[in-house]
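J.: everything below, folded, please.
(chains A, B, C and D)
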4 protein chains.
Amino acid sequence: MTGSVQKKLSGIFTPNMVPLDEADRINEAELRRYTEWLIGCGISGLYPNGSTGEFTRFSFAERKEIVRIIAEQTAGRVQILAGAAEANVSTTLEACEYYGSLGVDAVAIVAPFYYKLSTESVYAYFDEIARRTPVDITLYNIPQFANPITVECIKRLSEHPRIIGIKDSSRDLPFFLNMMNEIAPLRPDFVFLLGCEEMLVPALVMGADGGTIATSGIVPEVIMRMYHLTIRAELAEAVQIQFKVLQLIKNLIFGTDFPEGCRAGLEIRGFKMGRGRQPMSASQRCDRQSLRTHLQCLLSEHGVVEEPPEGCPVRQPAALAIDRAEIDRIVRNVMDQLRRQGAV
Amino acid sequence: MTGSVQKKLSGIFTPNMVPLDEADRINEAELRRYTEWLIGCGISGLYPNGSTGEFTRFSFAERKEIVRIIAEQTAGRVQILAGAAEANVSTTLEACEYYGSLGVDAVAIVAPFYYKLSTESVYAYFDEIARRTPVDITLYNIPQFANPITVECIKRLSEHPRIIGIKDSSRDLPFFLNMMNEIAPLRPDFVFLLGCEEMLVPALVMGADGGTIATSGIVPEVIMRMYHLTIRAELAEAVQIQFKVLQLIKNLIFGTDFPEGCRAGLEIRGFKMGRGRQPMSASQRCDRQSLRTHLQCLLSEHGVVEEPPEGCPVRQPAALAIDRAEIDRIVRNVMDQLRRQGAV
Amino acid sequence: MTGSVQKKLSGIFTPNMVPLDEADRINEAELRRYTEWLIGCGISGLYPNGSTGEFTRFSFAERKEIVRIIAEQTAGRVQILAGAAEANVSTTLEACEYYGSLGVDAVAIVAPFYYKLSTESVYAYFDEIARRTPVDITLYNIPQFANPITVECIKRLSEHPRIIGIKDSSRDLPFFLNMMNEIAPLRPDFVFLLGCEEMLVPALVMGADGGTIATSGIVPEVIMRMYHLTIRAELAEAVQIQFKVLQLIKNLIFGTDFPEGCRAGLEIRGFKMGRGRQPMSASQRCDRQSLRTHLQCLLSEHGVVEEPPEGCPVRQPAALAIDRAEIDRIVRNVMDQLRRQGAV
Amino acid sequence: MTGSVQKKLSGIFTPNMVPLDEADRINEAELRRYTEWLIGCGISGLYPNGSTGEFTRFSFAERKEIVRIIAEQTAGRVQILAGAAEANVSTTLEACEYYGSLGVDAVAIVAPFYYKLSTESVYAYFDEIARRTPVDITLYNIPQFANPITVECIKRLSEHPRIIGIKDSSRDLPFFLNMMNEIAPLRPDFVFLLGCEEMLVPALVMGADGGTIATSGIVPEVIMRMYHLTIRAELAEAVQIQFKVLQLIKNLIFGTDFPEGCRAGLEIRGFKMGRGRQPMSASQRCDRQSLRTHLQCLLSEHGVVEEPPEGCPVRQPAALAIDRAEIDRIVRNVMDQLRRQGAV
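T.: Predicted coordinates:
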């Protein structure tokens, strides 16, 4: 659909997490080792300061350090799309200038969040940044967390040469296709990146240029294989992998508060991530251990790590009906105990 | 605020549930007995075919029968506001005509539901009905279940003499006050009924004309006392009752799928309600028994029924911290058992 | 993914609208003529009493008549999936029995709507129907209008042999794929129909069995061509058509209150639809005329009808920036006039 | 309801906006002048770094400067509740320490925003801060913008002596009352502040300790009068004022993107606020001028400023029906013009 125009960005960008040391500081050595591993696994680019990278939990100084480390380590071998959203337009432009000076290919800027803004205000925000930025920009639409960027707004913003594309994490394929359909004829070079691994194959089939894919940071081998199969039109196997990783994705991303599952996944792959900056309660810490075992079992099914020493449960779909009755029985017992104590 | 104009409807209207017999038919004798009891308890009016009355789960023929029985039994002793929403405008008008012929004071018509409509379509729907109805209408706003009716739309509709008021169940006090503020100057006789017992006292203080109150069908003594204290400006005691019933309300209305808790409450008050038309699973049936015990304990605190034979748990707020640790321990044990069986 | 198992339903089912006569009754002759036309255009099946068919705006007696007419006219030449949701379980079962006696292939039952139900209640509702129905059932998930049916709930319900599939209109591809991934291994014969024409091609690529597609009732030639190209894996052209019809779909379905645009589209195709049962205000009636012209222009681009006599506007994307300034100027003028009159 | 326990905070706290100079820096002189004016108008306290104060659009260094200026200028004459939410727990604690050293009475901490967190994570976040803060904390619930804090979560957190209250901006009175009902018996000293001026009178009647009220920064005379009348139980006049200011509030807060209307209001009151940090498009700048005229007319009705030189429109409710037809006519003309140009 978008024809044969050369796009500035394409392929799979990894929104990398940031390892922390014992003192809660950026673990530079581990971040370099992780970057190196990702490049070795064949990813198309890095995307520091994304949502997976927990950009809101760092200071501006730290966000600059993260991009600097990655730019140095990458040294031009893969592309860099750097998250540059800051508290206001001036600071965001300061970020754009600095990341531009480091040689990143483009910056991604999420729509303003916290306050609910009208579409006109979302437009005005990007419009002012686009007039003054020294570096190319991709819009970042993630309506679950930030103000939505409508198709009409994207269309108006696409008049700015500095706005070269969009990364859409809305998980809404009709929205994504409508957007492509409206924008591509006006701007044939506009880049459409999908931020939703659960439908990467179908979006690529429809003409998406690539994606920013959280799980590409944990199983880059699997995601890159799925990507290359799809663009080579070897769909039978690509579809199989897409389904195979759906369960993995569900656990990594939705099994716990995002992106805690990604951190657990990275530790299984051998990186020292440290403790996240969002505190966990006692019961959450207990859950995380079982999440780790569960993930290791899933990753071992994909052949990228060994089974955990304690083994993996055998999945028994046929036994499901029986299990449910058993579960009901146990839960009812517990509820009865709690009721007797007046606790519920 | 709305001054001294005489309103056509005022006070507390009970959205009565409908007892069913063994064969799933309307239990006319019990419905008459229930109506008689409500009138004896001093309610201002009845509101058959409301949401509490599960109007969507009956046929048109049954809805007509329900209003007929109540109109006969009431015989003019209290007011009747009859729910008249049907599948389309013609059938709704047929309902208006029939209920008018039975002598009801007004009908309540909920905004169209299922399809999402524009405000203009909501307006057009009520506009056409208002032009042709032989009986007075109150709008019924319940945006949780049906298309919302905006303040602007109500303002336009208030030009129809046949539209005499609104029953608002949005649970949104700023909306309710804005609506009063906009409509009352244009239509001093417009009736404002609140459909949310959790804030009946504050709404009455601000000038609401009354309410359609689900719990007035179960503890009419308590609700009517709260109402009369408030309109006599004896706020200290009214506020105390409002807080005292908040816990009751929470369990009756939100402890289970609405309005199942109301049915359980009515059985405790001595009415044979039969099985509801929405099926319940095995685990729900088990929950309902414990709900009934729980409700009976709450009602006994209000002095309207005896404690259940098995007694009520003593509430121990001081022991809460300890209970939680205990709960955590038990839940963790269960989860461990389930995990070992591969069930989660 | 779902392998080579024979599915009971597959292909494109048309959720047909119902023509009305001057007296607001079902126009049987026109409904038969419309059915005949659809079959001639190659659709796989009919789906009377769907959301496009405005089932909630008819009486039970009318819904039965609609299915009877279609069953007679179809006479086994294409499949029939009949919407059978009624006010409660008993009446729904009565519908199942009647439609079964007419020889429909299956019935579709939407989750309960109006009241917000827990997942357990949604389960209990379908569970009871599935135990007693004499005809096969497809679940119907449309969370925009009715209570959602979760993947876990579908999994439990798939244990019933009478529940043979699902029609999902959630517009949520990750949900659709997760559902396929979880259910297909347990029930290889389970039918997955998509109710969202905006992503029919990608869903078919991922293994969907077909769809219930509103626009297949207006441009069946276009939709069936897109469908057949996709299942023959001629994706380049299928993708082109998918994009080409996105604009059409947007106007037909979302340009006005659903499904009013579909009615306008059908009149352009030559069917006398009559006035819909949801009233329209004066300004809506005026809009509808312009919608009709607009649709005719779009349909003429697809080559299925002639241009309207008044001609079609030439689309000038390059002139867009100028137009917007002009629009701003006009709107500002109007707002100024209104303000001077104190109207806003 | 909460009896006669002495509360640490009570009355009306003004969430002050921050004047900016030509160079987009904090205008310290004007901020001091504004603070002085507010104190002179009788407000109970200041609440710097609230949502009205646009805390997310400043840097941490600026937020510290704002509290320092206000603490110095206030010099103990009124209470200070300082917003202390930062990017992570460590930085938030740094803010707590600094604000504590300045002598503020308490800090307010909003629940984490951007990422959607489970209730358990919201609990863990506040739990860790409460264990380590040197200054008292009020929770800040604003589910429109940030993760919600449930009643159950507040109950658990109320076990921390450092958590002394909550400021609730949910605009949900049933929630507010349920919260009071659950927490007050466990912590009689717990402070309940309402962040919703549209229902301040009813909340005070029910026992709220006060509020953080955006409009108290623009018409402190009006809000303080309403507050004092209410707590003296002179409800007739209090209710009248509550209704009188509803229109004002609607325009100040909801007429444009929050809190832009508050900035316009402050300029009418004579403070040089500078340009906000959220950019405005050309059409928004034009709207803002008309907003200013509109606000000045409303404020002049409250007797706090003069009418604007250009006069105010006379409000003519009786003429409304005619106006609407006129509006319809004008809008239709515009739409026709636009259609002829192919713009819509």
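J.: quick one: the strands in the stretch 51-200 of chain A?
T.: Taking DSSP state E, counting those that start in this stretch as the test, the strands found in the stretch 51-200 of chain A are A:79-83, A:106-110, A:137-141, A:163-168, A:191-194.
J.: ok, residues contacting the second one?
T.: The list of residues contacting strand A:106-110 from outside it, by CB atoms under 8 Å, 6 or more residues apart in numbering or on different chains, reads A:8-9, A:47, A:49-51, A:81-85, A:92, A:95-96, A:99-100, A:126, A:129, A:133, A:135-140, A:142, A:145-146, A:164-165, A:167, A:212. Backbone N, C-alpha and C define where each C-beta goes, glycine included.
J.: repeat that with 6 Å
T.: A:81-85, A:96, A:99, A:135-138, A:140, A:146, A:167 (CB atoms under 6 Å, 6 or more residues apart in numbering or on different chains).
J.: got a list of what residue A:28 touches?
T.: Contacts for residue A:28 (CB under 6 Å, 6+ apart) come out as residue A:69.
J.: scratch that, residue A:312 is what I was asking about
T.: By CB under 6 Å, 6+ apart, the residues touching residue A:312 are residue A:297.
J.: once you drop chain neighbours, what's closest to residue A:62?
T.: Using CB to CB, 6 or more residues apart in numbering or on different chains and skipping the chain neighbours, the partner closest in space to residue A:62 is residue A:26 (6.1 Å).
J.: identify the bridge partners of that neighbour.
T.: residue A:20 (DSSP bridges).
J.: would you list the strands of the stretch 51-200 of chain A in CSV and tack on mean neighbour count and mean pLDDT?
T.: As requested, the strands of the stretch 51-200 of chain A are exported to CSV (neighbours: other CB atoms under 10 Å in any protein chain shown; pLDDT from 0 to 100):
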stretch, mean neighbour count, mean pLDDT
strand A:79-83, 25, 98
strand A:106-110, 26, 98
strand A:137-141, 25, 98
strand A:163-168, 26, 98
strand A:191-194, 26, 98
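J.: now tabulate these in TSV and tack on distance to residue B:226.
T.: Formatted as TSV, the strands of the stretch 51-200 of chain A follow (distance: least, CB to CB, whole Å):
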stretch	distance to residue B:226
strand A:79-83	55
strand A:106-110	49
strand A:137-141	49
strand A:163-168	52
strand A:191-194	55
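J.: who wins for proximity to residue B:122 among those strands?
T.: Among the strands of the stretch 51-200 of chain A, the nearest to residue B:122 by CB to CB is strand A:137-141 (30.5 Å).
J.: what helices and strands are in contact with that closest one?
T.: Strand A:137-141 sits against strand A:106-110, strand A:163-168, with contacts defined as 3 or more CB pairs under 6 Å, 6 or more residues apart in numbering or on different chains; DSSP states H and E.
J.: does any part of stretch A:153-173 sit near chain C?
T.: Yes - counting by CB under 6 Å from any CB of the partner chain, chain C is contacted by stretch A:153-173 at A:171, A:173.
J.: again, but for stretch A:174-181
T.: Yes - using CB under 6 Å from any CB, we find that stretch A:174-181 touches chain C at A:174, A:178, A:181.
J.: dump those residues to JSON lines, plus pLDDT and distance to residue A:63.
T.: Formatted as JSON lines, the residues of stretch A:174-181 next to chain C follow (pLDDT from 0 to 100; distance: CB to CB, whole Å):
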{"residue": "A:174", "pLDDT": "96", "distance to residue A:63": "33"}
{"residue": "A:178", "pLDDT": "97", "distance to residue A:63": "32"}
{"residue": "A:181", "pLDDT": "96", "distance to residue A:63": "34"}
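J.: from the residues you listed, which land in helices?
T.: Of the residues of stretch A:174-181 next to chain C, the ones assigned to helices by DSSP state H are A:174, A:178, A:181.
J.: kindly reformat these as JSON lines containing neighbour count.
T.: Shown next, in JSON lines, are these (neighbours: other CB atoms under 10 Å in any protein chain shown):
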{"residue": "A:174", "neighbour count": "19"}
{"residue": "A:178", "neighbour count": "19"}
{"residue": "A:181", "neighbour count": "21"}
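J.: which one among the residues you listed gets closest to chain B?
T.: residue A:174 (15.8 Å; CB to the nearest CB).
J.: in contact with the closest one, which residues?
T.: Residue A:174 sits next to C:171, C:198-199 when contact means CB under 6 Å, 6+ apart.
J.: which residue is the nearest non-sequential neighbour of the closest residue to chain C within the stretch 201-344 of chain A?
T.: In the stretch 201-344 of chain A, the residue that lies nearest chain C is residue A:202 (3.4 Å; CB to the nearest CB). In space, and not counting its chain neighbours, residue A:202 is closest to residue C:202: 3.4 Å by CB to CB, 6+ apart.
J.: go through the strands of the stretch 51-200 of chain A and name the closest to residue C:244.
T.: The closest of those to residue C:244 is strand A:191-194. By CB to CB, the value is 17.8 Å.
J.: partners of that closest one, with directions?
T.: By DSSP bridges, strand A:191-194 pairs with strand A:163-168 (parallel), strand A:210-212 (parallel).
J.: and of the ones you listed, who's closest to residue B:159?
T.: Once the strands paired with strand A:191-194 are compared by CB to CB, strand A:163-168 is nearest, at 45.0 Å.
J.: how far away is the residue minimising distance to the centre of chain A from residue A:279?
T.: In chain A, the centroid-proximal residue (CA atoms, centre = their mean) is residue A:214; its distance is 3.3 Å. As judged by CB to CB, to the nearest Å, residue A:214 and residue A:279 stand 22 Å apart.
J.: could you pull up the contacting residues of the residue nearest to the centre of chain A?
T.: Applying CB under 6 Å, 6+ apart, the residues contacting residue A:214 are A:15, A:52, A:262.
J.: I appreciate the help and will end here.
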